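J.: make a model of this:
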Amino acid sequence: VKLSKPIQRCYPLNRHMTQPFQFHLTNIQGKTLSRMDDHVDGYKNWDVHIKSESLSQLFPSPSDVVYLCAESENTLTEFDDTKVYAIGGFVDHNAHKGVAYERAVAAGFSHARLPIDSFFTLATRKVLTVCHVFEIIKNFTESGNWEEAIKLTIPARKGLETKGDGESITGEDSMAEGDSNAGGESNTEEKSNAGEESKAREEKEVGEKS
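T.: Numbering: from 1, shown residues only. Next comes the predicted model:
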């Protein structure tokens, strides 16, 4: 149920973009599929690629995939139109730290973290919800400014503070809680122009190009 909520939030955000991402949900089967059927009205009519296959099955070349995870030592600075960007949808409540990173490494995927610590410090862990990650990427693709995209998205409860001047960001908390981009049960894949898994592919993309 908790995974269905971020999916429902990300879909309209994507649809209202000037250049929407090519949105994919992967490994939608079993309990995830049942919960989608029970709790997400009309999703079968969405302009989304909903697949029962896993990320690895759909994109068998690991070099094509960049898995976004907070523990990665690589910082994302720009999007490559030839790559698929995956957001893990593992709902862990901080109980399974590093799962997304471990799975990315095991699968041979490239991986990266958002450049939050290039501009800000956080009072809490840097693991964000699926919605946070998706909206930061959305804001960046529209503005081209990582700092502004992060500031607009991350809620005040995270203790976001601008590096260098000690300025505390007190933006409105508009995001849902409970789902983490620690990876696993579902992922949103995006390909940039920019449990089980679901993915949003950004075509600038977290599928195809925008």
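J.: from here on, just use CA atoms for contacts and neighbour counts.
T.: Fine.
J.: for beta bridges, what are the partners of L68?
T.: I87, A112 (DSSP bridges).
J.: distance of it relative to E142?
T.: Distance of L68 to E142, given as CA to CA, to the nearest Å: 19 Å.
J.: which of the two has more neighbours?
T.: Ranked by neighbour count (other CA atoms under 10 Å), L68 and E142 place L68 first, with 29 against 14.
J.: run through the residues that contact the more buried one.
T.: Going by CA atoms under 8 Å, 6 or more residues apart in numbering, L68 touches Y85, A86, I87, G88, A100, H111, A112, R113, L114, N181.
J.: low-confidence ranges in the chain?
T.: For the chain, the stretches with pLDDT under 70 are 1, 90-96, 126, 164-210.
J.: spatially central residue for it, please.
T.: I87 (3.5 Å; CA atoms, centre = their mean).
J.: what's the distance between that one and H24?
T.: I87 is 11 Å from H24, where distance means CA to CA.
J.: likewise T77?
T.: Where H24 is concerned, T77 sits at a distance of 22 Å (CA to CA).
J.: so which of these two has more stuff around it?
T.: H24 (26 against 12).
J.: pretty sure the more buried one sits against I50.
T.: Yes. In this structure H24 lies within contact range of I50 using CA atoms under 8 Å: 5.9 Å.
J.: and the longest helix for this protein?
T.: helix 130-143 (DSSP state H).
J.: list the helices and strands it packs on?
T.: Helix 130-143 sits against helix 4-15, strand 84-88, helix 146-153, with contacts defined as 3 or more CA pairs under 8 Å, 6 or more residues apart in numbering; DSSP states H and E.
J.: on the C-terminal side of the second one, identify the next helix or strand.
T.: Under the assignment DSSP states H and E, the closest C-terminal helix or strand after strand 84-88 is helix 99-107.
J.: can you spell out which helices and strands pack onto that following helix?
T.: Applying 3+ CA pairs under 8 Å, 6+ apart, we find helix 99-107 packed against strand 65-68, strand 110-112.
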